[in-house]
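**Student:** Show me the folded form of this:
(one chain, ligands or ions: 1)
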Amino acid sequence: MDLFTTGDPIRDAAAPDGPIETRWERRRFGARLVNPANRRKLTVIVVGTGLAGGSAAATLAEAGYRVRSYCYQDSPRRAHSIAAQGGINAAKDYRNDGDSIYRLFYDTVKGGDFRARESNVYRLAQLSVNIIDQCVAQGVPFAREYGGLLDNRSFGGAQVSRTFYARGQTGQQLLLGAYQAMERQIAAGNIEMNARHEMLELIVVDGRSRGIVVRDLVTGEVSTELADAVVLASGGYGNVFFLSTNAKGCNVTATWRAHRKGALFANPCFTQIHPTCIPESGTHQSKLTLMSESLRNDGRVWVPVRASDSRQPAEIPEDERDYYLERMYPSFGNLVPRDIASRAAKNVCDEGRGVGPGGRGVYLDFADALQRLGRAAAEEKYGNLFEMYQRITGEDPYVVPMRIYPAVHYTMGGLWVDYDLQSTIPGLFVIGEANFSDHGANRLGASALMQGLADGYFVLPNTINNYLAAGPFPDVSDRAEVTRARRAVVDRLDALLSVGGDRTVDSFHRELGHVMWEYCGMERTEEGLTKAIGLIRGLRDEFWQRVKVPGTGEQLNQNLEKAGRVADFFELAELICVDALHRRESAGGHFRAESRTPDGEALRHDDEFGYVAAWEFTGGRPVLHKEPLTFEYVHPSTRSYK
Ligand SMILES: Cc1cc2nc3c(=O)[nH]c(=O)nc-3n(C[C@H](O)[C@H](O)[C@H](O)COP(=O)(O)OP(=O)(O)OC[C@H]3O[C@@H](n4cnc5c(N)ncnc54)[C@H](O)[C@@H]3O)c2cc1C
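**Tutor:** Predicted coordinates:
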């Protein structure tokens with residue numbers, strides 16, 4: 001199949017060179033500024049109120065810009081970020097255990113399997129320390145040690161303890177901090193908050209991003225909203241797999257619509273499968289639940305040595321248990337990165353040694369930790385996670401080991417952005433999980449919150465000035481592009497409503513997710529991906545002939561919302577598979593069965609694939625633009641956690 005063509009390479013025009021430690025400082029100094037009086041004349045639209053969008057909106061408004069924020073939930077503080085459990089990384093070295101900015105930078109580049117930009121990752125590590133100070137100043141209740149210092153724990157892919165946390169509710173507490181900062185600016189009249197509004201189109205005039213088309217989810221009204229610049233902070237697209245740990249509402253529409261308008265989409269096949277989720281329990285399930293990676297600090301992962309061993313865990317003696325992560329990776333043990341731990345779990349289950357219904361599970365056992373720490377200390381650290389597990393499975397993890405299995409969790413791919421976080425459409429900035437991010441082919445635990453807040457509190461508020469300094473831009477309200485964008489949205493909604501078929505949106509989404517998981521999940525092959533593309537195309541055609549969307553567009557209509565999102569997932573799914581097919585190497589979460597080392601680990605091909613794959617939408621075959629990656633500091637090597 002001739003699935004794509006190759007276009008000109010791209011380069012990150014905003015990235016400075018020279019010593020890596022001073023690049024961010026020099027970029028900030030080189031960027032143009034907007035004087036405070038002029039900021040009041042400039043409007044910025046921010047789509048999304050999670051950690052990335054919330055922090056950006058608050059900071060831009062605090063600086064004096066007029067901000068208009070949008071989210072589809074009924075309140076900004078219900079963004080998916082609220083679900084984040086385990087923690088946020090920062091190179092504070094409070095533990096005096098050898099951490100440093102350089103080590104966080106090193107761990108992140110290596111953890112991402114050498115598929116991220118060094119300049120961005122170094123900046124992220126530098127800013128990590130500022131984030132903690134900012135959040136503490138806001139009153140975020142991070143866990144503290146007896147002496148009063150902030151406490152840290154360990155996460156995968158690191159041998160130091162650098163993860164700051166607020167029990168198992170870190171995302172919620174951080175989001176409350178950002179939300180309060182936003183609320184202050186809403187009250188001051190600098191942020192106009194539009195909850196329950198969904199962006200359905202990007203408006204591009206004279207090559208610049210000038211606004212969005214939104215639908216009021218309560219009344220159904222479709223309107224155009226204009227501004228000098230647009231920031232997308234709309235989160236990740238893991239729900240293309242239907243079952244994932246993401247909130248049910250997470251979707252790709254905002255970024256996909258921008259992609260269709262000219263923004264390149266980078267590395268879509270880099271998806272993260274998290275090793276510690278509660279296994280699927282039946283065919284009617286619509287969501288999977290994460291058990292935070294922090295549990296791997298104290299939990300030990302094991303399966304029986306023998307295949308098809310149906311004994312209860314307590315009946316299996318020590319010498320008939322295989323603590324396979326500790327055995328295979330003695331230096332990192334249970335704290336190997338997520339991609340490695342997920343594949344190892346899949347492999348032992350494929351060998352018939354999995355536990356629980358269907359044999360798709362491994363034990364995460366706290367018996368040793370409970371003996372060492374005592375129940376009260378364990379409860380303090382992990383109490384809410386244990387309770388959540390018990391409520392869902394009916395089993396008490398204080399008594400029997402948890403059962404866990406990998407599930408889709410995070411997407412490293414997203415809209416391509418330069419060092420300034422600007423997409424290939426001038427005036428369109430993308431932050432948080434929505435951009436292709438600093439995590440390469442595999443994100444380390446507790447690094448998404450760090451990246452979202454670095455983008456929102458520190459990077460974007462500096463780099464967007466450089467663009468806005470050329471504004472205010474001319475009024476475009478009567479331009480044909482604006483009317484056309486609105487018309488396109490109305491026509492599409494009408495098209496979805498008028499199919500009048502006999503299959504629910506969910507049934508299509510579930511089937512799409514099944515294809516993605518089966519052929520583009522933890523292990524990918526040329527044959528499977530080719531098959532998946534055919535299946536996705538067939539299913540997409542069927543969707544447009546048979547989908548049933550009851551109700552009308554002039555009312556609250558959740559079926560209509562879902563239908564639009566699933567229609568976009570179909571288009572994205574095909575691009576994910578094309579990207580996965582073209583990348584004939586294994587890297588991080590992208591494991592091509594044809595490309596493995598003799599002992600079964602991921603085998604990269606740096607000469608051929610040491611680039612970011614940025615895809616251009618054409619309506620037909622997508623065009624691949626390569627951004628070559630160079631490594632001056634952390635030299636590519638085979639990742640080893642042994
Ligand atoms: C269960 C779970 C636990 C996690 N735990 C951790 C952790 O401990 N540490 C860590 O670092 N990371 C963790 N992560 C990852 C992390 O939570 C996310 O990557 C991060 O919160 C994403 O933040 P965001 O601001 O980019 O997007 P989100 O929080 O997803 O926010 C997206 C926003 O965009 C809005 N939006 C989207 N589309 C539209 C549209 N079309 N129109 C209008 N509004 C729109 C939404 O309403 C929402 O406000 C976890 C993820 C999951 C699923």
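**Student:** What separation do you get for whatever residue of the stretch 301-450 of the chain ends up closest to the ligand and Tyr457?
**Tutor:** When you check the stretch 301-450 of the chain against the ligand by C-beta to the nearest ligand atom, the closest residue turns out to be Gly432, at 2.4 Å. Where C-beta positions appear, they are placed from N, C-alpha and C, glycine not excepted. To Tyr457, Gly432 is 11 Å away according to C-beta to C-beta, to the nearest Å.
**Student:** Neighbour count for the two, which is higher?
**Tutor:** Gly432 (33 against 23; other C-beta atoms under 10 Å).
**Student:** Look up the closest residue to that one, ignoring the ones flanking it.
**Tutor:** Distances taken as C-beta to C-beta, 6 or more residues apart in numbering place Ala52 nearest to Gly432, at 2.6 Å, with adjacent residues excluded.
**Student:** now swap in Val303 and tell me
**Tutor:** Per C-beta to C-beta, 6+ apart, closest to Val303 is Arg353, 4.4 Å.
**Student:** With only the CA atoms kept, save stretch 458-478 in CSV.
**Tutor:** This file holds the C-alpha atoms of stretch 458-478, laid out as CSV (Å, rounded to 0.1, in the frame of the first residue of the first chain):
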residue,chain,number,x,y,z
PHE,A,458,6.6,29.4,32.5
VAL,A,459,7.3,28.6,28.9
LEU,A,460,4.2,29.8,27.0
PRO,A,461,3.8,33.1,29.0
ASN,A,462,7.3,34.0,27.8
THR,A,463,7.3,32.8,24.2
ILE,A,464,3.9,34.0,23.2
ASN,A,465,5.0,37.6,23.8
ASN,A,466,7.4,37.2,20.9
TYR,A,467,4.4,36.5,18.6
LEU,A,468,2.0,39.0,20.2
ALA,A,469,4.5,41.8,19.9
ALA,A,470,3.5,42.0,16.3
GLY,A,471,-0.2,42.5,17.3
PRO,A,472,-3.0,43.6,17.7
PHE,A,473,-3.8,41.9,14.4
PRO,A,474,-6.5,43.4,12.1
ASP,A,475,-10.1,42.8,12.7
VAL,A,476,-11.2,39.7,10.7
SER,A,477,-14.8,39.4,11.8
ASP,A,478,-16.2,39.9,8.3
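**Student:** how about the helices in the stretch 201-350 of the chain?
**Tutor:** Ranges of helices within the stretch 201-350 of the chain are 253-260, 324-328, 338-350, based on DSSP state H, counting those that start in this stretch.
**Student:** quick one: which of those helices is nearest Asp491?
**Tutor:** helix 253-260 (13.9 Å; C-beta to C-beta).
**Student:** quick check, distance from the closest one to the centre of its chain.
**Tutor:** 16 Å (C-alpha atoms, centre = their mean, to the nearest Å).
**Student:** Residues contacting that helix, please?
**Tutor:** 47-48, 198-202, 209, 232, 234, 237, 263, 265, 414-415, 423, 425, 428, 430, 434, 564-565, 568, 571-572, 615, 617 (C-beta atoms under 8 Å, 6 or more residues apart in numbering).
**Student:** helices or strands up against the helix or strand encompassing the residue nearest to Gly432?
**Tutor:** Per DSSP states H and E, Ala52 falls inside helix 51-63. If contacts are counted by 3 or more C-beta pairs under 8 Å, 6 or more residues apart in numbering; DSSP states H and E, helix 51-63 sits against strand 43-47, strand 66-70, helix 170-187, strand 191-194, helix 448-453, helix 460-468.
**Student:** Next, the angle strand 66-70 makes with it.
**Tutor:** 160 degrees (axes from the mean of the first three to the mean of the last three C-alpha atoms, to 10 degrees).
**Student:** Which positions in the stretch 251-400 of the chain make contact with the ligand?
**Tutor:** For the stretch 251-400 of the chain, the contact set with the ligand under C-beta under 6 Å from any ligand atom comprises 253-254, 290.
**Student:** longest helix of the protein?
**Tutor:** helix 558-582 (DSSP state H).
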